[in-house]
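Enquirer: Pasted the sequence and its predicted model underneath.
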Amino acid sequence: MSAELLELTVAEAAARIAAGEVSREEYFGAWHEAAAGDELNAYLWRAEGVSGEGEGPLAGIPVAVKDLFCTEGVPTTAGSRILEGHKPLYTSTAVRRLAEAGAEVLGKTNMDEFAMGSSNENSAYGPVLNPWDRDRVPGGSSGGSAATVGGGLAPCAIGTDTGGSIRQPAAFCGVVGLKPTYGAISRYGMIAFASSLDQCGPITRDVADAALLLDVLQGRDCCDSTSVGIEGGIGELGREDLGGLRFAVPAELSGDAVEAGVRGVFERTLERIEELGGEVAEVPLPHAEHGISAYYVIAPAEASSNLARYDGVRYGMRAEGAGDLIEMYETTRAQGFGDEVKRRIMLGTYALSSGYYEAYYGRAQRVRTKIAEDFDAAFAEFDFVVTPTSPSVAFGLGEKTDDPLAMYMNDFFTVPMSLAGIPAISIPAGLAEPGGGGPRLPVGFQIAAPAFAERKLLDAAQALERAIGFDARPGAGDG
Amino acid sequence: MARLARLRLSEAEVDKMAGELSGILEHVDRISELDLDGVEPTSHVIELENVLRADEPRPSWPREAVLEQAPDPADGAFRVPSPQAE
């Protein structure tokens, strides 16, 4: 019985719980047991039992929550040593909305420290392992959340995406990851990395579950003045084909950095779009290739400001033995932050410093405008822009840790949408052999849409998902 | 720069980071080739103006609960080392 429960999608399980065929305790118990068997280092904390009794569309559904979301009285570390043992005084709006819809927090998931990373190797609590191949990374920064869903340790999860942190790990773990429009979901209680880019989103097994979670999560929140919600919500998806829809492939993004296997799956997926009646054509996005440059100025700049609050005074750890206040700040931050966080704070401090501000931050913000205008021009003619989610399949643990720039290039396809603030989803499109050879691994297909067009995006993604029929599982077949 | 960011880095860390940051900045410098004259900077991607809520007093968190999170609470306040070196 328990094993069968774990096979259900969230939508199926919610229907069975609502019909009284399965009890909340039984369903939670099955997932609690699965989560307890975590060998991927995906969880940092696990709930003991069913906590809430909320009624709603997610009644009885356990959700794995990235450890970036504040949860009252529950440890929230953002993957950082500096917040070890921290128990927030309040719960983030996203988690509160899930709870109000009847969902249960199953656990808090491991992540790159303060969401800075594309491999989950920057966690102070050790890397997460990819459920498909434990010698490889799950992607990041929401690697723990993606690994729980891909590895059968949670039915669904939430993560955050600043430059690809939901989409890329979803691609690496063979699951669906949605970054909604900036402003669709409240950021209240999300530990800030880069405030003009950060956005919460669901990581699920299929598109229907992503829609279900998004419908609950989205909405205006008085605690986040940048949140506006999605007018009319999401509702039921019903599209069966892609007739009449136009898909743009950015010419500038199909460079030679893409692995042959990934390219093959991407091209097969484009053929499927055409088989479903969609039209595929190239479109220029001339500034998208500068996305990485703009992003790695803007995000660290905002981070250097946001992370100034970790000073050893009000919460979190404090270094011992400092002689004066400044020394206490400096040693606390030196001991509490990991290498990547220090690197980005330094980069951001530099980019914002007097004399360099206009050359870096100012220019990056103008590039951001140009990237958004490129998308606007594309959406004047096309419904969607599509790319591979990541240039490669999951890479090996330790493979890119010595080369920060190589690590940053992972975000090549996901960063432009983040800078433009538009929604984008990654769906599993097939398996491909890694560049260096070895068993085949999941490949993500990214679809981006105009701001607040989530319903249309999810509807098309679901039609494509059905046609692809991705049903591979970790450890089965290929291994 | 580390001083400005309030990070105490060892000499070895500074050396390593200087090399890494140079590499990153070299890549970032490609945007200096773009013609961006007259382009408005984007700091916020969605159109919003004057988001206000009613100015009504609400209870704040209890002082004890807040101080419980602090590494060194004392006398109902956050205690810190002296700002002046001895």
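Expert: That came through fine. Bear in mind the structure is a predicted one, so any value in this text is a computation, not a measurement. Numbers count the residues shown, from 1 in each chain, chains lettered A, B, ... in the order given.
Enquirer: going forward, measure contacts between C-alpha atoms and count neighbours the same way
Expert: Will do.
Enquirer: could you measure A:Thr332 against chain B, distance?
Expert: Distance, A:Thr332 to chain B, by CA to the nearest CA, to the nearest Å: 8 Å.
Enquirer: Could you confirm that residue falls within a strand?
Expert: No - applying DSSP: H, G, I helix; E, B strand; the rest coil, one finds A:Thr332 to be helix, outside a strand.
Enquirer: Return the residues in contact with it.
Expert: Counting by CA atoms under 8 Å, 6 or more residues apart in numbering or on different chains, A:Thr332 touches A:Ile82, A:Asp311, A:Gly312, A:Met317, A:Arg318, A:Ala319.
Enquirer: Count the neighbours of the residue lying closest to the third one once chain neighbours are set aside for me.
Expert: Excluding its sequence neighbours, the residue lying closest to A:Gly312 (CA to CA, 6 or more residues apart in numbering or on different chains) is A:Arg318, at 4.4 Å. Neighbourhood size, A:Arg318 [other CA atoms under 10 Å in any protein chain shown]: 25.
Enquirer: cool, A:Glu84 as well?
Expert: 18.
Enquirer: Once you drop chain neighbours, what's closest to it?
Expert: Closest to A:Glu84 by CA to CA, 6+ apart is A:Thr77, at 5.6 Å.
Enquirer: Let me know whether that neighbour touches A:Pro88 as I believe.
Expert: No - using CA atoms under 8 Å as the test, A:Thr77 is too far from A:Pro88 to be in contact (9.5 Å).
Enquirer: Show the contacting residues for A:Asn130.
Expert: Each residue near A:Asn130 by CA under 8 Å, 6+ apart is listed here: A:Leu40, A:Arg136, A:Val137, A:Pro138, A:Gly139, A:Ala147, A:Phe172, A:Cys173, A:Ala394.
Enquirer: more neighbours, A:Thr77 and A:Pro88?
Expert: It is A:Thr77, of A:Thr77 and A:Pro88, that has more neighbours when counted by other CA under 10 Å, with 31 against 21.
Enquirer: Quick one: residues contacting that one.
Expert: Counted by CA under 8 Å, 6+ apart, A:Thr77 has contacts A:Asp67, A:Leu68, A:Leu83, A:Glu84, A:Gly85, A:His86.
Enquirer: Widest-spaced pair of these?
Expert: By the measure CA to CA, A:Leu68 and A:Gly85 form the most distant pair in the contacts of A:Thr77, at 13.4 Å.
Enquirer: hey, what's in contact with both of these two?
Expert: What both A:Leu68 and A:Gly85 touch, as defined by CA under 8 Å, 6+ apart, is the set A:Thr76, A:Thr77.
Enquirer: more crowded one of these two?
Expert: A:Leu68 (30 against 15).
Enquirer: And the more buried one, how far from A:Glu399?
Expert: Separation of A:Leu68 from A:Glu399 (CA to CA, to the nearest Å): 26 Å.
Enquirer: now do A:Arg366
Expert: Distance from A:Arg366 to A:Glu399, by CA to CA: 33 Å.
Enquirer: Just want to know which of these two has more residues nearby.
Expert: Counted by other CA under 10 Å, A:Arg366 and A:Glu399 do not tie: A:Arg366 has more neighbours, with 23 against 13.
Enquirer: Does that one touch B:Leu36 like I think?
Expert: Yes - taking contacts as CA under 8 Å, A:Arg366 lies within contact range of B:Leu36: 6.6 Å.
Enquirer: can you map out the helices along chain B?
Expert: B:11-28, B:63-68 (DSSP state H).
Enquirer: nearest to chain A, of those helices?
Expert: helix B:11-28 (4.3 Å; CA to the nearest CA).
Enquirer: Any idea how far the closest one is from the middle of the chain?
Expert: 20 Å (CA atoms, centre = their mean, to the nearest Å).
Enquirer: what about it, near chain A?
Expert: Yes - with CA under 8 Å from any CA of the partner chain as the criterion, chain A is reached by helix B:11-28 at B:Met17, B:Glu20, B:Leu21, B:Gly23, B:Ile24, B:His27, B:Val28.
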